[in-house]
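> Predicted structure and sequence below. I'll ask about it afterward.
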Amino acid sequence: MVLLRIPGARLQLSSMIPSRGEPPKNRNRGTPGILLKLFQVALYIPIQVAFIPLVIVGLVDAIFKEIIIGRRLDVSFTAIKALQYRWIMHYFDNRPDPISVAFTKKLPCESHYGLWSTFGALIISQRLFGLTTTFGRVAEPGKETPVSTAGSRVLMFDAIVEKYVDDVEQIVIPGAGFDLVALHFTKAKNTAVFELDQTGTLQVKLETLKKAGIAHDWITYVPVDYSTESWTEKLLAAGFDKTKKTLFLWQSVSLFLEAGTVKKTLREMAGLCPGGSIIAQDLYSKAFISGETSRIVKRSLRMLDKMGEPWRFGVDMSDDPESAVESFLEECGLRMTEYFQFGEKLGIEPIYCVVEAETLDHV
Ligand SMILES: C[S@@+](CC[C@H](N)C(=O)[O-])C[C@H]1O[C@@H](n2cnc3c(N)ncnc32)[C@H](O)[C@@H]1O
């Protein structure tokens, strides 16, 4: 099995996402390093103190928008959180993403000001005198931990889209949420793009794109709840062509669905397009989604439960995770072609993987 290796995650970014140069590296090792770090922290503290009143106002604004307005508009809370991560990556110089920033500014259920006031002192400190924190770093491939999967995941999916965009005729993003990856990579390409998500989330996405003046007219948005409706019927009605080679991007969605729905959806993807089409997705381990691998994850789980989006689906990766994932995909009529296991080099309990699988020729 070929492992999907991303030697330096930033190098995989498309030239369409302009690079801003390397983020500051943490070279604070040894005594001079410790002194430098102390000096940076000493400079950071007064900046953070000055930010405190702004943080209080910002947090109130953010909580009101994300929770109260988000619920009122029937928007997925986890879609807001995933967008937030892209905002953070932009400002901490890990992944330039001006489109997500422009989108966040106009999104009614997120507070750009709230994010700035919360992270502003750290952003300024990184830019002015190189203070690095976990926000300014993307884990080295294979050294991801339960709390550092998001940044690596986003960069990997960028790399996957970049790899296939000229090779496929259609891209389908089920559960696209507020991910704007298609806007980065498919503009002026000859690729049909379909984004699927629940009605409330998609409606807010479309309105926000319009308000932000972000062109998106080559993308077809298909509202559907695939727990209760036939997403294949809706996709076909929206113009999806079964004869065309397709890339499915299923990022950070399966964990919110029941096991039966995940399997059914993958089988439907496998049967919907010609052999050699690709399904790229991430899969969490059962241990990860139960919260037993990290206290921080356990706390997030409680929050997600309260927001009505509990984690439901994980693969048992406790013994030979690669084979477990491969046979799970086989059960769904797919052939695994790439496998990347997060945290592999740390010797920790398997938590998460990103995989690519090929659809087979229909007999
Ligand atoms: C964590 S977000 C990920 C969004 C996006 N893929 C990304 O990476 O930013 C999960 C998304 O799955 C969508 N989703 C969850 N259950 C769904 C369902 N039954 N039908 C349609 N979409 C669903 C949510 O609305 C949300 O946008």
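Perfect, I can see it now. Numbering: from 1, shown residues only.
> C-alpha from now on. contacts and neighbour counts both.
Noted.
> In terms of secondary structure, what does the helix or strand Glu162 falls within contact?
Per DSSP states H and E: Glu162 is located in helix 149-164. For helix 149-164, the packing partners by 3 or more CA pairs under 8 Å, 6 or more residues apart in numbering; DSSP states H and E come out as helix 77-91, helix 181-186.
> now could you export just the CA positions of the last one as PDB?
Output of helix 181-186 as PDB, limited to C-alpha atoms (Å, rounded to 0.1, in the frame of the first residue of the first chain):
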ATOM      1  CA  VAL A 181     -11.700  24.600  -1.300                       C
ATOM      2  CA  ALA A 182     -13.600  24.300  -4.600                       C
ATOM      3  CA  LEU A 183     -13.400  28.000  -5.100                       C
ATOM      4  CA  HIS A 184      -9.600  27.900  -4.600                       C
ATOM      5  CA  PHE A 185      -8.900  25.100  -7.100                       C
ATOM      6  CA  THR A 186     -11.700  24.800  -9.700                       C
END
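> Relative to Leu255, which of the helices and strands packed on helix 149-164 is closest?
Set against Leu255 and scored by CA to CA, the helices and strands packed on helix 149-164 come closest in helix 77-91, at 11.4 Å.
> rewinding a little: closest to Thr232 out of the helices and strands packed on helix 149-164?
So among these, helix 181-186 is nearest, using CA to CA, at 20.1 Å.
> what lines up beside the next helix-or-strand element following the closest one in the sheet?
Using DSSP H and E, the next helix or strand after helix 181-186 towards the C-terminus is strand 192-197. Strand pairing for strand 192-197, using DSSP bridges, gives strand 170-174 (parallel), strand 219-223 (parallel).
> quick one: average pLDDT of the last one?
Read that as strand 219-223. Across strand 219-223, the average pLDDT comes to 98.
> In contact with the residue in the stretch 201-350 of the chain that the ligand sits nearest to: list those residues for me.
Distances between the stretch 201-350 of the chain and the ligand by CA to the nearest ligand atom are smallest at Asp225, namely 3.5 Å. By CA atoms under 8 Å, 6 or more residues apart in numbering, the contact set of Asp225 is 197-199, 231.
> all strands of the protein, in order?
Ranges of strands within the chain are 2-3, 170-174, 192-197, 219-223, 246-250, 278-284, 334-341, 352-359, based on DSSP state E.
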